[in-house]
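J.: any chance you can model this:
(one chain, ligands or ions: 2)
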Amino acid sequence: MKAAIIGGGVIGGGWAARFLLNGWDVAVADPDPEAERKINEVLAGARRSLPAVYDRALPAEGTLSFCALEDACAGADWVQESVPERLDIKHTVLDRVNAAAPDSAVIASSTSGFKPSELTAQGARCIVAHPFNPVYLLPLIELVGDVPAGAADMLRSVGFSPLHVRKEIDAHIADRFLEAVWREALWLVKDGIATTEEIDEAIRMGFGLRWAQMGLFETYRVAGGEAGMKHFMAQFGPALQWPWTKLMDVPEFTDELVDLIAGQSDAQSGHLSIRELERLRDDNLVGILRSLKRTNAAAGGVIAAHEASLPQPSASPEALPITQDRVIPQTWTDYNGHMNEAHYLELGAAATDRFMEMIGADAAYIAEGLSYFTTENHLQYLDEMHAGDRVRVSTQVLEGGPKKMHLFHRMMNPAGEVAATMETFLLHVDLGTRRSAPARADVAEALAAFGQAHAGMPRPEGAGRYVGQRG
Ligand SMILES: NC(=O)C1=CN([C@@H]2O[C@H](COP(=O)(O)OP(=O)(O)OC[C@H]3O[C@@H](n4cnc5c(N)ncnc54)[C@H](O)[C@@H]3O)[C@@H](O)[C@H]2O)C=CC1
Ligand SMILES: C[N+](C)(C)CC(=O)CC(=O)[O-]
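T.: Ligands and ions are numbered 1, 2, ... in the order given. Below you'll find the predicted structure:
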C-alpha cells in the first residue's frame, strides 16, 4: 500500500509515521527544504512510542521518499493533504492532487475547520479525515463528507478509530468542543482568574483523567448516582442558566493577550524543549494506552483489536517456536535505565500464554473450564535490555505430559543473543475443581508433538539451575 503525504509539517509528519510503521510505503511532498529533517524527527518519536503500545511486532516498516506532489500521488492508495489551514492553498493543492492521483485513491484533508463542501467547491474530489496530534498515537479520525467504501477499513488497518461525522459543520465534533474550552481558558487568563499552569493543573488532576476512559456523558451519568442521567440533569441543568461561562464572547485577540499567554506558558514549560515535551507526552500516552488496553476500554479497545489483526510469530514444531516478538515499552524501564526485572516475568508469562494458544489451550479452551496454572518460575538475567529494543522469545518444551508442561523461554535481544531465560513449570487444571486434571486429548497431543520435536535438541544451558548456583 502507498500513502502520499502532501504537506509534511506537524500533522503530515504524524500521518507519514503512522502509515510507515504499519508497513505502507510513504511519499512526502513539501516545498520546505527542512521537511525531510522535520519528518525524520517526528519519525524518531513515533518509532520510540507506537510499537511500545503493542504486545506484538508491527509489520516491517515501509519505504519513505520525498518527491514532487505529482510523483507522490502516482499510484497512491491514500492521499492525505496536510498543508496550512488556508482555503486558497488547499484549493490549489487539491486541484493538483486530483489531476495526479489514481481514481481509486482516497483523497482526504486533515483540515481542522473547513467543511468538505468548502474544500470541494471548485470541483475537486476530497473528504475530511481529521486527525489528532500526535497522529501516530491517537486513534481518532473524524471522517466527514462522501466517504468512499473501504476508507474506514483502510484507516482501521493502521490502528485508527474512524468516527463518521454525519452532518458537516465548521470544526467537526471535537474541535467545536475544544474551541469552547479554549475560549473559556483564554478568558480565565485574560481576566487574571488563573494562570496557564493552574488551568492545566485543573485539567490533568481531575476531569482530564475521566475523559480519557469515559468521555463526558458517561462520566456525568455516573455522577448522577443511582438515578443516573435524569437526576444529574435535574440537579445541574438549572446551572446552565447561570452566567458561569463566556462561551459566545470571544476575547479580543490582541498582542497583549498573546504575550500574556505566551509569557505564562514560557514560565510554565520553557525549561523544556518542544522535543522533550513531545517525549514526555508520548511516554505518558503509551502508559495510558497500555493500561486502557488491559481493560479493553476506550482507545485501549481500538489498540487491542488492531493488535489481534497483526500476524503472530510462527508455530512450527520443527524449529523452536517464536512465542513473543515485540518492542520494549518505555514504561518497562526502571531507575537503573534498563528493563525492570518484573517485566521479564511479564514477557515470559506472555510467551507461555502464546505457547498455550499454539497447542490449543486458547481463550475458548479456558472458557470451557480447562487451563494451566504456573507452579514455579526461574529467571536468569544475562544482559541488559532497553526501551525501544525489539525482543523475541523462543520456547523449548522440556517436558510435556497430560498434566505437566515444562518450558524454557529464551529472550533474545535485537542481535539475536540470549539476554535472559525463563524456565517455567505448569500444571494442567480443571477450573471448576481448581485441581490438576489431564488436558483435553487434542491439547495433550499437540503438546506431546512439540515435546518429541524438541527432545533431540540440546538441553538449554541454565535449565534446572537453582538460585545462587555457581556457573
Ligand atoms: N497542528 C495541529 O494540532 C493540527 C492540525 N490539523 C490540520 O492539519 C493541517 C496542517 O497543519 P500543521 O501540520 O499543524 O501545519 P504545519 O505548518 O506544521 O505544516 C504545514 C506544512 O505544509 C507545507 N506546505 C505549504 N504549502 C505546501 C504545498 N503547496 N504543498 C505541499 N506542502 C505545503 C509546509 O511547508 C509545512 O511543512 C491543517 O489543515 C490543520 O488544520 C489537524 C489536526 C491537528
Ligand atoms: C488546534 N487544532 C484546532 C489544530 C487542533 C486540532 O485540530 C486537533 C488536535 O489535535 O487537538
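J.: let me see the mean pLDDT of the top helix by length along the chain.
T.: When the chain is parsed with DSSP state H, its longest helix is helix 274-294. For helix 274-294, mean pLDDT rounds to 95.
J.: neighbours around the residue lying closest to Ile303 once chain neighbours are set aside, how many?
T.: Sequence neighbours aside, Lys293 is the residue nearest to Ile303 in space, at 5.0 Å (criterion: C-beta to C-beta, 6 or more residues apart in numbering). All C-beta atoms are positioned from the backbone trio N, CA, C, and that covers glycine. Lys293: 20 surrounding residues under other C-beta atoms under 10 Å.
J.: ok, now which ones touch Lys293?
T.: By C-beta atoms under 8 Å, 6 or more residues apart in numbering, the residues touching Lys293 are Val53, Gly300, Gly301, Ile303, Ala304, Glu307.
J.: 6 Å - rerun?
T.: Gly300, Ile303, Ala304 (C-beta atoms under 6 Å, 6 or more residues apart in numbering).
J.: and the second one, how far from Arg156?
T.: So that's Ile303. Here the criterion is C-beta to C-beta, to the nearest Å. By it, Ile303 lies 12 Å from Arg156.
J.: so those two - more neighbours on which side?
T.: Ile303 (22 against 17).
J.: so the more buried one, which state does it fall into?
T.: helix (DSSP: H, G, I helix; E, B strand; the rest coil).
J.: how about low-confidence regions in the protein?
T.: 314-318, 471 (pLDDT under 70).
J.: what does it have sitting close to ligand 2?
T.: Within reach of ligand 2 by C-beta under 6 Å from any ligand atom, the chain has these residues: Ser112, Phe132, Asn133, Asp175, Leu178.
J.: which of those residues are close to ligand 1?
T.: Answer for these near ligand 1 (C-beta under 6 Å from any ligand atom): Ser112, Asn133.
J.: can you flag the buried ones in the residues of the chain next to ligand 2?
T.: Ser112, Phe132, Asp175 (16 or more other C-beta atoms under 10 Å).
J.: any idea which of those residues is closest to His406?
T.: For those, the residue nearest His406 by C-beta to C-beta is Phe132; the value is 47.5 Å.
J.: return the backbone torsion pair for the closest one.
T.: Phe132 has phi and psi values of phi -130, psi 140 when expressed as degrees, to the nearest 10.
J.: which residues touch it?
T.: Leu138, Leu140.
J.: just the strands in the chain please.
T.: 2-6, 25-29, 64-66, 78-81, 106-109, 127-130, 140-144, 161-165, 322-327, 370-381, 390-400, 404-412, 418-430, 435-436 (DSSP state E).
J.: reformat these as TSV; add mean neighbour count and distance to Arg354.
T.: Below are the strands of the chain laid out as TSV (neighbours: other C-beta atoms under 10 Å; distance: least, C-beta to C-beta, whole Å):
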stretch	mean neighbour count	distance to Arg354
strand 2-6	27	31
strand 25-29	24	30
strand 64-66	16	31
strand 78-81	26	32
strand 106-109	26	35
strand 127-130	24	35
strand 140-144	21	30
strand 161-165	17	26
strand 322-327	22	4
strand 370-381	16	13
strand 390-400	20	8
strand 404-412	23	10
strand 418-430	20	13
strand 435-436	12	22
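J.: any idea how far Asp153 is from the residue nearest to Ile303?
T.: Lys293 is 21 Å from Asp153, by C-beta to C-beta.
J.: who's in contact with the closest residue to Val418 other than its chain neighbours?
T.: Ranked by C-beta to C-beta, 6+ apart and with sequence neighbours excluded, the top spatial neighbour of Val418 is Arg410, at 4.9 Å. Contacts for Arg410 were tallied using C-beta under 6 Å, 6+ apart; they are Ser394, Val418, Thr421.
J.: out of the residues you listed, flag the one nearest to ligand 1.
T.: Taking C-beta to the nearest ligand atom as the measure, ligand 1 lies nearest Ser394 of those, at 42.4 Å.
J.: just give the number of residues close to the residue nearest to the closest one when sequence neighbours are not counted.
T.: Nearest residue to Ser394, sequence neighbours excluded (C-beta to C-beta, 6+ apart): Leu320, at 4.0 Å. Using other C-beta under 10 Å, Leu320 is surrounded by 21 other residues.
J.: pretty sure Leu320 contacts Arg392?
T.: No: between Leu320 and Arg392 there is no contact, the gap being 10.4 Å when judged by C-beta atoms under 6 Å.
J.: how many residues are close by Ala74?
T.: 16.
J.: ok, for it, nearest residue in space, not its chain neighbours?
T.: Using C-beta to C-beta, 6+ apart and skipping residues adjacent in sequence, the residue nearest Ala74 is Ala100, 6.4 Å away.
J.: any idea how far Ala4 is from that neighbour?
T.: 9 Å.
J.: between those two, what contacts are shared?
T.: Contacts common to Ala100 and Ala4, judged by C-beta under 6 Å, 6+ apart, are Cys73.
J.: return the distance of stretch 349-366 from the chain's centre.
T.: Its chain's C-alpha centre and that of stretch 349-366 lie 24 Å apart, by C-alpha atoms, centre = their mean, to the nearest Å.
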